[in-house]
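1. fold the following, please.
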Amino acid sequence: MDLAFVQSGLLERYLDTDVITAAEVAALLERRGVLDGTPVYLDEETQMPIPPLCEFGRYLSTSLLDETTLKDYGRVIGRLDDHLADLDSDVLSATETDLVSYRGHRTQRQKKPVGGSVWKRESFVLDDFYGFLVDRKILANRPARVAARGRNALAPRVRAGMDIRHLTFEQYRYLRDVGLGGQLPNAQVDGTFRGWSPLRGRAGSDIALGSGMRWREWATVLLPEIGLWPGLPGGGAEFQLQACAKYGKARPVYVPEDAVASADLFCVLERPDIVRKAARSLERKARDLFIVDEVDVAGGRVKGVQDGVVREYEMSAMDARLRRITVCEGEFGLEALTLFVCRGGLMPGADAWKSYRHRAWARMTALADSTTPLLPTRRWRWHDLRHTYALRLLTYLENLMDGEEPDLKARRRRHRSYLTGHIRHNPLLVVSRRLGHANPETTYEYLQYTDDLINEFEAAFNGWVGDGEATYTEIASHVLSGANGGRR
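-> Numbering: from 1, shown residues only. Prediction:
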């Protein structure tokens with residue numbers, strides 16, 4: 001079985017037939033609700049669509065998933081069919097044994113086994129796929145039994161917690177200045193540094209840490225959104241995030257003044273040279289771009305020409321794909337409207353940002369010595385900066401809520417308020433809103449990282465550890481008696 005994806009933008013370039021025009025096909029796809037990224041499954045020999053599988057692709061498309069998610073879900077079915085082909089089977093005739101074998105292959109036996117979170121997502125797609133086939137009467141029963149309470153039997157048995165990894169101040173500065181910025185650990189300029197745009201990496205890390213946005217959210221930010229646009233006063237920036245947010249959940253985002261200043265430095269010293277070199281290339285691609293000629297910063301809207309048609313978009317509703325092709329007329333010709341640009345003149349993609357952090361990690365480990373901060377055992381991720389933001393903000397708000405009153409009862413009174421005050425000022429709920437979590441339970445995972453374990457231990461066991469005589473039983477007994485108001 002071969003796998004392809006719908007890409008309406010390529011019709012005009014590659015469709016060669018007298019039966020129907022590219023515009024008619026594009027209009028038909030739009031009317032039928034077939035989104036870009038919808039998977040299309042083809043028979044290897046005849047290259048004809050496989051009806052049941054293509055119906056599932058249409059079903060995914062009607063779920064209004066984004067292009068990347070549609071492709072990821074489509075590849076899950078493709079990988080399963082490739083595995084089953086080696087077992088002389090296919091996805092429509094698979095048995096429970098086949099699916100269990102595939103689970104073992106993906107999570108244990110392949111060259112690079114996937115983790116629990118990846119397999120959880122894949123097992124969800126497979127469960128949805130076979131549920132769809134049963135609902136449409138294509139299959140009589142699911143190949144895998146349904147577990148208790150309707151649970152997916154292929155899903156991981158143990159619910160994995162969040163992989164929260166955060167940085168200390170020293171680790172962050174080492175990452176930003178040495179790994180991304182090309183300095184030496186002693187803050188001197190490294191003449192051997194071969195990085196192409198160190199200020200871009202520094203700006204990205206400062207915005208990620210200062211705003212708490214996910215990678216897809218801050219890497220796609222537009223110049224008017226972050227306040228780097230003619231006529232804007234400067235300082236911190238606040239804008240609405242929606243299409244690029246996870247699940248499309250809208251929320252306001254604040255980027256502090258220092259992070260905006262870091263981005264401004266990139267715009268002044270590095271970005272113009274990148275834009276100038278890429279201007280001619282963008283001119284050749286003009287027919288495939290959204291060329292903006294009017295920016296309404298106050299209204300949060302842009303207006304321009306795309307595919308020969310005048311279009312107007314709300315900036316918060318522009319997804320990553322549209323932002324990548326959005327340009328405007330600048331000093332050197334066409335230039336991207338996004339803050340971050342790469343050699344081609346457009347917004348860097350996921351692979352580009354991944355390579356930036358991989359090179360930064362290699363540089364950090366190569367220059368590490370006794371004078372540099374202790375590095376984590378695993379390579380850092382852009383998402384670690386979001387976790388750092390959450391933990392620092394949560395700790396600060398908790399300390400602020402506790403106050404400075406020496407009397408414990410006075411501090412407790414600060415927490416007694418009406419429900420509305422609790423919702424507005426509770427540190428956990430504030431951080432949850434800032435991060436855009438769909439459920440506050442996700443934010444609870446951060447609480448275990450805000451504990452001051454060292455000081456708590458000292459307070460609980462002061463005078464007990466170190467004399468060579470106390471046992472753990474005696475220590476526990478002492479702590480319990482103190483909690484109960486004295487020894488019984």
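2. quick one: the helices in the stretch 251-400 of the chain?
-> For the stretch 251-400 of the chain, the helices identified by DSSP state H, counting those that start in this stretch occupy 257-269, 271-284, 320-324, 350-367, 383-402, in order along the chain.
3. could you name the helices and strands sitting against the fourth one?
-> By that I understand helix 350-367. Packed against helix 350-367 by the contact rule (3 or more CB pairs under 8 Å, 6 or more residues apart in numbering; DSSP states H and E) you find helix 198-211. (Each C-beta comes from the backbone N, C-alpha and C, glycine too.)
4. next SSE after the helix it packs on?
-> Tracing the chain C-terminally past helix 198-211 and defining elements by DSSP states H and E, one meets helix 215-218 next.
5. so for that next one, what's the average pLDDT?
-> The predicted model gives helix 215-218 an average pLDDT of 94.
6. ok so, going back, can you put the helices of the stretch 251-400 of the chain in JSON lines and add mean neighbour count, mean pLDDT and distance to residue 60?
-> Putting the helices of the stretch 251-400 of the chain into JSON lines (neighbours: other CB atoms under 10 Å; pLDDT from 0 to 100; distance: least, CB to CB, whole Å) gives the following:
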{"stretch": "helix 257-269", "mean neighbour count": "18", "mean pLDDT": "94", "distance to residue 60": "37"}
{"stretch": "helix 271-284", "mean neighbour count": "16", "mean pLDDT": "93", "distance to residue 60": "33"}
{"stretch": "helix 320-324", "mean neighbour count": "18", "mean pLDDT": "93", "distance to residue 60": "17"}
{"stretch": "helix 350-367", "mean neighbour count": "16", "mean pLDDT": "93", "distance to residue 60": "21"}
{"stretch": "helix 383-402", "mean neighbour count": "18", "mean pLDDT": "85", "distance to residue 60": "26"}
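7. out of those, the one nearest residue 333 is which?
-> Nearest of the helices of the stretch 251-400 of the chain to residue 333, taken as CB to CB: helix 271-284 at 3.7 Å.
8. turn the helices of the stretch 251-400 of the chain into CSV, columns for distance to residue 14.
-> Output for those, formatted as CSV (distance: least, CB to CB, whole Å):
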stretch, distance to residue 14
helix 257-269, 37
helix 271-284, 18
helix 320-324, 19
helix 350-367, 24
helix 383-402, 37
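9. out of those, the one nearest residue 87 is which?
-> If you check each of these against residue 87 by CB to CB, helix 350-367 wins as the nearest, at 32.6 Å.
10. hmm, who's touching that closest one?
-> When contacts are taken as CB atoms under 8 Å, 6 or more residues apart in numbering, the neighbours of helix 350-367 outside the stretch itself are 174-175, 178-180, 184-185, 195, 201, 204, 215, 219, 342, 348, 372, 375, 379-382.
11. can I get it as CSV, trimmed to CA atoms?
-> Taking Å, rounded to 0.1, in the frame of the first residue of the first chain, the C-alpha atoms of helix 350-367 are listed here in CSV:
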residue,chain,number,x,y,z
ALA,A,350,10.5,22.3,12.8
ASP,A,351,13.6,20.6,11.4
ALA,A,352,15.5,23.9,11.4
TRP,A,353,14.8,24.7,15.0
LYS,A,354,15.6,21.1,15.9
SER,A,355,19.0,21.4,14.3
TYR,A,356,19.7,24.7,16.1
ARG,A,357,19.2,23.1,19.5
HIS,A,358,21.1,20.0,18.6
ARG,A,359,24.1,22.1,17.5
ALA,A,360,23.8,24.1,20.7
TRP,A,361,23.8,21.0,22.8
ALA,A,362,26.9,19.6,21.1
ARG,A,363,28.6,22.9,21.7
MET,A,364,27.6,23.0,25.4
THR,A,365,28.8,19.5,26.1
ALA,A,366,32.1,20.1,24.2
LEU,A,367,32.9,23.2,26.2
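12. if I've got this straight, residue 83 is in a helix?
-> Yes - per DSSP: H, G, I helix; E, B strand; the rest coil, residue 83 lies within a helix segment.
13. what sits closest to it if chain neighbours are left out?
-> Once its chain neighbours are removed from consideration, residue 83 has its nearest residue in residue 102; the separation is 5.0 Å (CB to CB, 6 or more residues apart in numbering).
14. CA atoms of the helix or strand that contains that neighbour as CSV?
-> Element membership for residue 102, per DSSP H and E: helix 96-104. The C-alpha atoms that make up helix 96-104 are tabulated as CSV, following Å, rounded to 0.1, in the frame of the first residue of the first chain:
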residue,chain,number,x,y,z
GLU,A,96,-5.5,-9.3,17.7
THR,A,97,-2.2,-11.3,17.6
ASP,A,98,-1.0,-9.1,14.7
LEU,A,99,-1.7,-5.9,16.6
VAL,A,100,0.0,-7.2,19.7
SER,A,101,3.0,-8.1,17.5
TYR,A,102,3.0,-4.6,16.1
ARG,A,103,2.9,-3.0,19.6
GLY,A,104,5.9,-5.1,20.6
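15. so what does that helix touch, helix or strand wise?
-> helix 67-85, helix 116-135.
16. okay, those in CSV with mean neighbour count, mean pLDDT and distance to residue 430 next?
-> Rendered in CSV, the data for the helices and strands packed on helix 96-104 read as follows (neighbours: other CB under 10 Å; pLDDT from 0 to 100; distance: least, CB to CB, whole Å):
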stretch, mean neighbour count, mean pLDDT, distance to residue 430
helix 67-85, 18, 93, 29
helix 116-135, 17, 90, 27
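17. do you know which of these lies nearest residue 166?
-> Among the helices and strands packed on helix 96-104, helix 116-135 comes nearest to residue 166, with 18.3 Å by CB to CB.
18. from the contact counts, what lies against that closest one?
-> With contacts defined as 3+ CB pairs under 8 Å, 6+ apart, helix 116-135 has these neighbours: helix 51-61, helix 67-85, helix 96-104.
19. using JSON lines, lay out those together with distance to residue 30.
-> JSON lines is the format used below for these (distance: least, CB to CB, whole Å):
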{"stretch": "helix 51-61", "distance to residue 30": "12"}
{"stretch": "helix 67-85", "distance to residue 30": "14"}
{"stretch": "helix 96-104", "distance to residue 30": "36"}
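20. mind listing what residue 430 touches?
-> With CB under 8 Å, 6+ apart as the criterion, the residues that contact residue 430 are 393, 397.
21. next one: it from residue 252, what distance?
-> With distances taken as CB to CB, to the nearest Å, residue 430 is found 13 Å from residue 252.
22. surely residue 247 and residue 438 touch.
-> Yes - Residue 247 lies in contact with residue 438 (CB atoms under 8 Å); the separation is 6.2 Å.
23. the two: which has the busier surroundings?
-> residue 438 (10 against 7; other CB atoms under 10 Å).
24. could you list every residue that touches the more buried one?
-> Here residue 438 is in contact with 246, 247, 249 (criterion: CB under 8 Å, 6+ apart).
25. same check, this time on residue 446
-> Contact partners of residue 446, counting by CB under 8 Å, 6+ apart, are 164, 387, 390, 391, 394, 431.
26. repeat that for residue 251.
-> Listed by CB under 8 Å, 6+ apart, the contact set of residue 251 reads 240, 241, 242, 245, 433, 434, 436.
27. at 6 Å what do you get?
-> 241, 436 (CB atoms under 6 Å, 6 or more residues apart in numbering).
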